[in-house]
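Participant: Give me the fold of what follows.
(one chain, ligands or ions: 2)
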Amino acid sequence: MIDFKKEIDKKVFHIVGDTANELRRECYAVGGCVRDMVLRRPSKDIDFVTVGSGIELAEAVAGKLGKGAHLSVFRTFGTAQVKKHNLELEFVGARKESYNRESRNPVVEEGSLTDDLSRRDFTINALALQVNTGENFGRLIDMFDGMGDIERQIIRTPLDPDITFSDDPLRMLRAIRFATQLGFKIHPETFDALTRNAGRIEIITRERIATELMKIMESPRPSIGWDLLYKSGLLKLILPELAAMKGVEVVNGRAHKDNFYHTLEVLDKLSRMTDKVWLRWAALLHDIAKPVTKKWDDKAGWTFHNHNFVGSKMVPRIFRNLKLPLDNKMKYVAKLVELHMRPIALVEDEVTDSAVRRLVNDAGEDLEDLLLLCEADVTSKNEEKVRRIMANLAIVKQKIEEVNERDNIRNFNPPVDGIEIMRTFGIGGGPLVGEIKQRIKDAILDGEIHNDYDEAREMMLRLGKEHGLTPVTDA
Ligand code: ATP
Ligand code: MG
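Facilitator: Numbers count the residues shown, from 1 in each chain. Ligands and ions are numbered 1, 2, ... in the order given. Just a heads-up that it's a prediction; the model follows:
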């Protein structure tokens, strides 16, 4: 049993509690920070609710904290924030809310603590801990058995879930996000309501949706969230390309695997290996073009030709729709989607030096990440097959090391560049310059010449000659 008095026996709670007493106000720590105390999770900010003006209390607390304390007041929201060092305190007056159908922004009026706790999204987020110093210091208010739900690991709304979700549909995503972060189950009645209200997600901005998706992706097992999104019907509204991967088709008694569940397996497997969230996105999207490239071939069975390439081309649109960053994170994801089959394909052909060099060169600094993705992509139930593929991957890795040691091929640019080619032959830029450059690069990748200036220059002169070019004298 957690001893809340001891939990909050810290200077900051005493200061806030004393200040509240001086103003003759009730004050409570609420929401996520209380939940996280019980769960022994770190939490960065502390939310305080007071009955009356939160801004007044914040001003007084900031005064007491003295030098180094910084106060920000948000009058329109009736909230205020006090920061000092790495401490972040939020203050708000207890409130009552009423919603209309078009917006998730409620009409807000002053209310009691009971009103305030009743408008919160989940029972586990509706705990309040009184901080007024004196006999009530550390008194827990738990109107909806949030403690019991933490114990049972359940996400449940305090009031009628249909109203809770319809009022603010963002809560549907929060439910799924908390279930994923904490590994909790969503209570069946809450989940049924979530499913019924899925269509309401349309009034939520995509930025807010993206924030929740990122939190799902940063969780230990992101698949929990994506699976719940699918089962609730939210996925086809948020990321239809991923929802389209669900299901199997059978022709002549031959079924392909369920690409959605395969993807989730890959995602979880990868997430056990790395926290890199964009690599996790690459895992989520690596087979995204399978539904659109799927074909039945009488000889080969199910085929997904070029799904890696088509998939990488789908990434920018998906990122744009989801309001995910369109900078090099997107390019990184697209690149890994495009390359995700290369390491395995390599061993299935033949591990030649030149093929390895090309892979190393194309993957550049993302080679290790690509290999992790590849490893995660091996999910077959057939142990023999898994063993074989993993052994092959090991060969590729070893070969990569060898080639890397021998020549410095990663991200390389040919030792003679376009400018040198133009200067040498006294010509302007054009396709010929590009061609010479490319042939030198190919020759290095194919191991015909070394990645070395003198050899590259010699080759350039030879190629120039083939095209009737002679070096100008001062080059
Ligand atoms: P985290 O900080 O990890 O996202 P949290 O529970 O602290 O989790 P916040 O968004 O910081 O979430 O919100 C603080 C508290 O405010 C919540 O614990 C909950 O009580 C309440 N809350 C937040 N968003 C909503 C919402 N959309 N509907 C109802 N209550 C909410
Ligand atoms: Mg919080």
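
Participant: In the protein, which helix is the longest?
Facilitator: Counting by DSSP state H, the longest helix found in the chain is helix 383-406.

Participant: Mind giving me the packing neighbours of the following helix or strand past that one?
Facilitator: Once helix 383-406 ends, the next helix or strand along the chain (criterion: DSSP states H and E) is helix 418-425. Applying 3 or more CB pairs under 8 Å, 6 or more residues apart in numbering; DSSP states H and E, we find helix 418-425 packed against helix 431-445, helix 453-466. Heads up, the C-betas are built off the backbone N, CA and C, glycines and all.

Participant: can you count the residues close to the nearest residue to Met460 once chain neighbours are set aside?
Facilitator: Of all residues not flanking Met460 in the chain, Val416 sits nearest, at 5.1 Å (CB to CB, 6 or more residues apart in numbering). The tally of other residues near Val416 (other CB atoms under 10 Å) stands at 21.

Participant: likewise Lys84?
Facilitator: 17.

Participant: From ligand 1, how far off is the closest residue to it other than its chain neighbours?
Facilitator: Among residues not flanking Lys84 along the chain, Ala69 sits closest, at 4.4 Å (CB to CB, 6+ apart). Going from Ala69 to ligand 1 by CB to the nearest ligand atom, to the nearest Å gives 21 Å.

Participant: Do I have it right that Ala69 meets Ala62?
Facilitator: Yes: in this structure Ala69 lies within contact range of Ala62 using CB atoms under 8 Å: 4.7 Å.

Participant: So the two - more neighbours on which side?
Facilitator: Between Ala69 and Ala62, Ala62 has the larger neighbour count (other CB under 10 Å), namely 22 against 16.

Participant: in the strand or helix carrying the more buried one, what's buried?
Facilitator: According to DSSP H and E, Ala62 maps onto helix 54-65. Buried residues in helix 54-65, counted by 16 or more other CB atoms under 10 Å: Gly54, Ile55, Glu56, Leu57, Ala58, Glu59, Ala60, Val61, Ala62, Leu65.

Participant: Out of the residues you listed, the closest to ligand 1 would be?
Facilitator: Among the buried residues of helix 54-65, Gly54 lies closest to ligand 1 (CB to the nearest ligand atom), at 13.2 Å.

Participant: what residues are up against the closest one?
Facilitator: Listed by CB atoms under 8 Å, 6 or more residues apart in numbering, the contact partners of Gly54 are Phe48, Gly78, Thr79, Ala80, Phe91, Val92, Gly93.

Participant: Widest-spaced pair of these?
Facilitator: The span of the contacts of Gly54, defined through CB to CB, is set by Phe48 and Gly78 at 13.0 Å.

Participant: Need the overlap of contacts for these two.
Facilitator: Gly54, Val92.

Participant: Residues of the chain that sit close to ligand 1?
Facilitator: Contacts of the chain with ligand 1, taken as CB under 6 Å from any ligand atom, map to Gly31, Gly32, Asp47, Arg120, Asp121, Asn125, Asp168, Leu170, Arg171.

Participant: Give me the buried subset of those residues.
Facilitator: Those of the residues of the chain next to ligand 1 that meet the buried threshold are Gly31, Gly32, Asp47, Arg120, Asp121, Asn125, Asp168, Leu170, Arg171, by 16+ other CB under 10 Å.

Participant: Just read off the phi/psi values of Glu135.
Facilitator: Main-chain torsions, Glu135, degrees, to the nearest 10: phi -70, psi -20.

Participant: What's the separation between it and Lys246?
Facilitator: Plainly put, Glu135 is 56 Å away from Lys246 if you go by CB to CB, to the nearest Å.

Participant: Give me the neighbour count for the closest residue to Ala334 other than its chain neighbours.
Facilitator: Spatially, and ignoring its direct neighbours in sequence, Ala334 is nearest to Val315 (4.0 Å; CB to CB, 6+ apart). Val315: 25 surrounding residues under other CB under 10 Å.

Participant: now the one 4 residues further on
Facilitator: Counted with other CB under 10 Å, the neighbours of Phe319 add up to 21.

Participant: which residues does it contact?
Facilitator: Counting by CB under 8 Å, 6+ apart, Phe319 touches Pro325, Leu326, Met330, Val333.

Participant: go with 10 Å
Facilitator: Listed by CB atoms under 10 Å, 6 or more residues apart in numbering, the contact partners of Phe319 are Ala210, Trp281, Leu285, Pro325, Leu326, Asp327, Lys329, Met330, Lys331, Val333, Ala334.

Participant: Just the buried subset of those residues, please.
Facilitator: For the contacts of Phe319, buried by 16+ other CB under 10 Å: Ala210, Trp281, Leu285, Met330, Val333, Ala334.
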